[in-house]
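Undergrad: My questions concern the predicted model and sequence given below.
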Amino acid sequence: TSSTNTVVLAWREKSKKLLKMTSFNIAQGIHAFDYHSRLNLIATAGIDNKVCLWNPYVLSKPVGVLWGHSASVIAVQFFAERKQLFSFSRDKILRLWDIQHQLSIQRIACSFPKSQDFRCLFQFDETHGRLFISFNNQLALLAMKNEASKRVKSHAKGVTCVLYNSLLKQVISSDVGSTVSFWMIETGQKIKQFSGCHGNAEISTMALDANESRLLTGSTDGTVKVWDFNGYCHHTLNAGQDGVVDISQILVLKKSILVVGWERAVTVFRPQNFNQFSIQSEEWKGGIHHQDDILCAAFLPPQTLATGSYDGEIVLWNSSTENAHHVLHPDYQRQLTSKLDPEAQKLNTKRSCSAQCLAQQATLATQNFESDTEGNNAVMKLCFLEARKNNTVTGGANLVSCGASGYVRFWDTFKKELLAEFLAHAGVGSIIMSTDKQNQYLATGDPDGWLKIWNIEDYCTNSTEIKITQSPPLLRSFQPHEDRISSLQMCEPGGHLIIISSSVDCSICVTGLCNAPSLIFGQASHWDIENYFSFPKRDSSLIESKSQEESMKINPLFSKKESCSTEDSLLTEENKDISTHISSEEINFSLEYKKRNIYKKKTHKPCHREIIQKSAGIFRSLSLRMLNELPEVKQPEFLLNPDKYFKEEPEEDEPQIPELPLLSETLKAVFDEKNLFPKGILDHERQDKQLCQETSGEVKIKRNKKQL
């Protein structure tokens, strides 16, 4: 552009070196222009309040004129994907135009900048739908919202986390608008909703305590709040020290609460110090062993803690001593020696690995950390396979991790090695996952809204020298959401296995292993979860064994009254023999749920005075004995001789009631009219009777004469 009200175009043809130039005149001049390569159009921001569209090969007049601005246009930019155009005028009005119809489809009045003398620059990011506008020393960001669709929405804003409360059979969900909602899993009905839990800050994650009686919410404002299900906040944990942080996970242990997501150290809170509303974090005794931010954590009873970081490292800790002892990585594994644990140092000296080998591993770890600056190995989720209790003897994986590269990895934390890895979602970036309590199935979700269900019951159950790269059987792959899946939860209401998924597209879906369509919380019609998904229930014996394990609940961390529930009997490993039989019949998982028959046989019963002990919180020192047989109780005397105590007495003769005398006998004198009424009244009445008789006699005489 130039000051002589002209636009000059220049281009070079392939066969020639010289530039060809052409120009066309514009009345009053322009402030800016933009070029659309696919439409071959030039848009000019005119001083005369118009936006003109030009064909570079037509110099006489513009092919289109956009009218609507009331001040000179100072910036224009094409929205190439939708064939639209942004324009900004001197009076701080932003317009969006439809090029094909040459109409203004949206008008936005901006309150910035405050000064009248400013220079404006445009930059539109089509990939993320964000428009950057600079005004002198200010930079404004305008984000485009997704177009409203006919899809059912569970929340008004994007859902960030979803939980399942097995005691109340309710689904708990949170969104970026700081709202928490409660839903009935059996019908899909919303029960209640808490708004503004953290003000205007986003709720990034949630967790339930051991007894599922308290809800913990973590927000980007750096706080973790402890709620009851009536909406009352009992405590506020200052995880970010009054700063803005990205809390990615809250892990509730028996004696501590761990919060991770924004730094290399573990933030810990100890519930025994909860004697006030606002709680400050305490120091993690194990120190810092990660090279990058910790994104997730998982716990395996009784004392194994695993934390995963942005650089792909998984650190194994002893939760009791809070000391780290090993680092796992897809490319290396190395040991850690804690200065606070002298016993660990003695054990490490007895390892067969030489100091030179450890040095090479440390060097490799450093090189890998430097090369993985983009977070391709970031660990986004960790899950311990608690149902695999015999892998200490037979070997096999007991830890699953997934990350930003779309891979799912299986680890053996006892032998400290990577056993298997497979690509679950290709070319999508970060994925998340969840597994059921029996560790038979694994669900993975990606940023495109796709959900996959894998059968991992027999996957990587034995230790192998060669790393497994083949994926487990894929049972189902579908797309229940239109955008990134933010959270996954697998649960079993009524013995039915279902998968609950939430997404930033504001929806929460419920689906099963079968091919039935997904249900969405918030839809108009309620559902019956028992009859909707057509698959059989788990075996009753399996459910009973699970209920016995679930009956062992840890005391709530935040209640003042402590309670403890004990089982009827708890046998040691020497005194119980459990034989398990699994049917070998192959079943199509997409149509029918797999049946399992478990039979337990006890070959030894405790003797009469055998002591059976059990560790259960603060009551672990109690000893439970078998009840002594009560001696035979003699019957009381009133039961042996009931006639003596309950004999009916003979009826006595009732005294006769004397008859009452007659009324006339009780009167002292007889009353007459003379005594009751005055004499004048009686005389007047007598005269009236005589007059009446005389008149009646005269009437009879006259009547007789007439008859004659």
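TA: Okay, I see it.

Undergrad: so where is the stretch 451-600 of the chain shaky, pLDDT-wise?
TA: Confidence mapping of the stretch 451-600 of the chain against pLDDT under 70 gives the ranges 534-600.

Undergrad: Could I get the full set of helices for it?
TA: Remark: helices assigned in the stretch 451-600 of the chain by DSSP state H, counting those that start in this stretch are 529-532, 540-550.

Undergrad: buried set for the first one?
TA: This points to helix 529-532. Going by neighbour count (16 or more other Cβ atoms under 10 Å), the buried part of helix 529-532 is 529, 532. For the C-beta atoms, the positions are set from N, CA and C on the backbone; glycine is no exception.

Undergrad: For it, list the C-alpha coordinates in PDB.
TA: The C-alpha atoms that make up helix 529-532 are tabulated as PDB, following Å, rounded to 0.1, in the frame of the first residue of the first chain:
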ATOM      1  CA  ILE A 529     -29.800 -49.400  34.000                       C
ATOM      2  CA  GLU A 530     -30.700 -52.900  35.100                       C
ATOM      3  CA  ASN A 531     -32.500 -53.700  31.800                       C
ATOM      4  CA  TYR A 532     -30.800 -51.400  29.300                       C
END
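
Undergrad: How about residues contacting it?
TA: Residues from elsewhere that reach helix 529-532 (Cβ atoms under 8 Å, 6 or more residues apart in numbering): 185, 186, 187, 493, 494, 496, 498, 510, 516, 519.

Undergrad: Helix, strand, or coil at the second one?
TA: This means residue 186. Three-state assignment for residue 186 (DSSP: H, G, I helix; E, B strand; the rest coil): coil.

Undergrad: which residues does it contact?
TA: For residue 186, the contact set (Cβ under 8 Å, 6+ apart) comprises 169, 493, 528, 529, 530.

Undergrad: Among those, which pair sits farthest apart?
TA: Pairwise distances across the contacts of residue 186 peak at 13.4 Å for 169 and 528 (criterion: Cβ to Cβ).

Undergrad: neighbour count winner among those two?
TA: Remark: of residue 169 and residue 528, residue 169 carries more neighbours, 14 against 9, as counted by other Cβ atoms under 10 Å.

Undergrad: List the residues that contact that one.
TA: Here residue 169 is in contact with 184, 185, 186, 493 (Cβ under 8 Å, 6+ apart).

Undergrad: In terms of helices and strands, where is the spatially most central residue of the chain?
TA: Of all residues in the chain, the one closest to the mean position by Cα atoms, centre = their mean is residue 162, 1.6 Å from it. Following DSSP states H and E, one finds residue 162 within strand 159-165.

Undergrad: And the contacts of that strand?
TA: Residues contacting strand 159-165 (Cβ under 8 Å, 6+ apart): 170-176, 185, 202-208, 212, 215, 486-489, 491, 500-504, 506-508.

Undergrad: Among these, which are located in strands?
TA: Judged by DSSP state E, strands contain the following of the contacts of strand 159-165: 170-175, 203-208, 215, 486-489, 491, 500-503, 508.

Undergrad: Name all residues that make contact with residue 41.
TA: Residues in contact with residue 41 (Cβ under 8 Å, 6+ apart) are 35, 53, 54, 55, 63, 78, 99.

Undergrad: Across the sheet, point out what pairs with it.
TA: With DSSP bridges as the criterion, residue 41 is bridged to residue 36.

Undergrad: Quick check: it vs residue 62, distance?
TA: Noted for residue 41: a distance of 10 Å to residue 62, by Cβ to Cβ, to the nearest Å.

Undergrad: what are the phi and psi angles of residue 480?
TA: With angles defined as degrees, to the nearest 10, residue 480 sits at phi -80, psi -10.

Undergrad: how about it, what does it touch?
TA: So residue 480 contacts 449, 451, 501, 503, 509, 511, 518 (Cβ under 8 Å, 6+ apart).

Undergrad: Ok, residue 324 next?
TA: Contacts of residue 324 by Cβ under 8 Å, 6+ apart are 286, 287, 289, 315, 316, 317, 318, 336, 338.

Undergrad: Likewise for residue 404?
TA: Per Cβ under 8 Å, 6+ apart, neighbours of residue 404: 375, 376, 377, 378, 380, 429, 430, 431.

Undergrad: do the same with residue 636
TA: With Cβ under 8 Å, 6+ apart as the criterion, no residue contacts residue 636.

Undergrad: now swap in the one 10 residues further on and tell me
TA: By Cβ under 8 Å, 6+ apart, the residues touching residue 646 are residue 638.

Undergrad: ok, now how distant is it from residue 640?
TA: Using Cβ to Cβ, we find residue 646 at a distance of 12 Å from residue 640.

Undergrad: Likewise for residue 178?
TA: Separation of residue 178 from residue 640 (Cβ to Cβ) stands at 74 Å.

Undergrad: Mind checking which of the two has more residues around it?
TA: residue 178 (22 against 10).

Undergrad: which residues sit in contact with the more buried one?
TA: For residue 178, the contacting residues are 195, 196, 197, 198, 199, 200, 201, 202, 203, 219, by Cβ under 8 Å, 6+ apart.

Undergrad: Next, count neighbours for the fifth one.
TA: Read it as residue 199. Residue 199, neighbours per other Cβ under 10 Å, totals 9.

Undergrad: Which secondary structure state is assigned to it?
TA: Secondary structure assignment for residue 199 (three-state DSSP): coil.

Undergrad: Identify the residue spatially nearest to it, adjacent ones excluded.
TA: Nearest non-adjacent residue to residue 199, counting by Cβ to Cβ, 6 or more residues apart in numbering: residue 178, 6.4 Å away.

Undergrad: same deal with the first one?
TA: Spatial nearest neighbour of residue 195, chain neighbours left out: residue 179 (5.1 Å); criterion: Cβ to Cβ, 6+ apart.

Undergrad: isn't the one you found right next to residue 154, touching?
TA: No - using Cβ atoms under 8 Å, residue 179 makes no contact with residue 154, being 10.7 Å away.

Undergrad: of these two, who's got more company?
TA: Applying other Cβ under 10 Å to residue 179 and residue 154 shows that residue 154 carries more neighbours, namely 24 against 19.

Undergrad: any idea how far the more buried one is from residue 175?
TA: Computed with Cβ to Cβ, the distance linking residue 154 and residue 175 is 9 Å.

Undergrad: Quick check: neighbours shared by those two?
TA: Common neighbours of residue 154 and residue 175 (criterion: Cβ under 8 Å, 6+ apart): residue 506.

Undergrad: taking the mean pLDDT, what do you get for the biggest helix by length in the chain?
TA: Selection of the longest helix in the chain by residue count, based on DSSP state H, yields helix 679-707. The predicted model gives helix 679-707 an average pLDDT of 82.

Undergrad: Equivalent analysis for stretch 636-649, please.
TA: Per-residue pLDDT over stretch 636-649 has a mean of 75.

Undergrad: Dump the C-alpha coordinates for it into PDB.
TA: Extracted in PDB, the C-alpha atoms of stretch 636-649 (Å, rounded to 0.1, in the frame of the first residue of the first chain):
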ATOM      1  CA  PRO A 636     -37.300 -69.600  86.500                       C
ATOM      2  CA  GLU A 637     -39.900 -70.700  89.000                       C
ATOM      3  CA  PHE A 638     -42.800 -68.800  87.400                       C
ATOM      4  CA  LEU A 639     -42.200 -70.900  84.200                       C
ATOM      5  CA  LEU A 640     -42.100 -74.200  86.100                       C
ATOM      6  CA  ASN A 641     -45.200 -73.500  88.200                       C
ATOM      7  CA  PRO A 642     -47.400 -71.100  86.300                       C
ATOM      8  CA  ASP A 643     -50.500 -72.100  88.200                       C
ATOM      9  CA  LYS A 644     -48.900 -70.800  91.400                       C
ATOM     10  CA  TYR A 645     -48.200 -67.300  90.000                       C
ATOM     11  CA  PHE A 646     -50.800 -66.900  87.300                       C
ATOM     12  CA  LYS A 647     -53.800 -68.700  88.800                       C
ATOM     13  CA  GLU A 648     -57.100 -66.900  88.500                       C
ATOM     14  CA  GLU A 649     -58.800 -66.000  91.800                       C
END
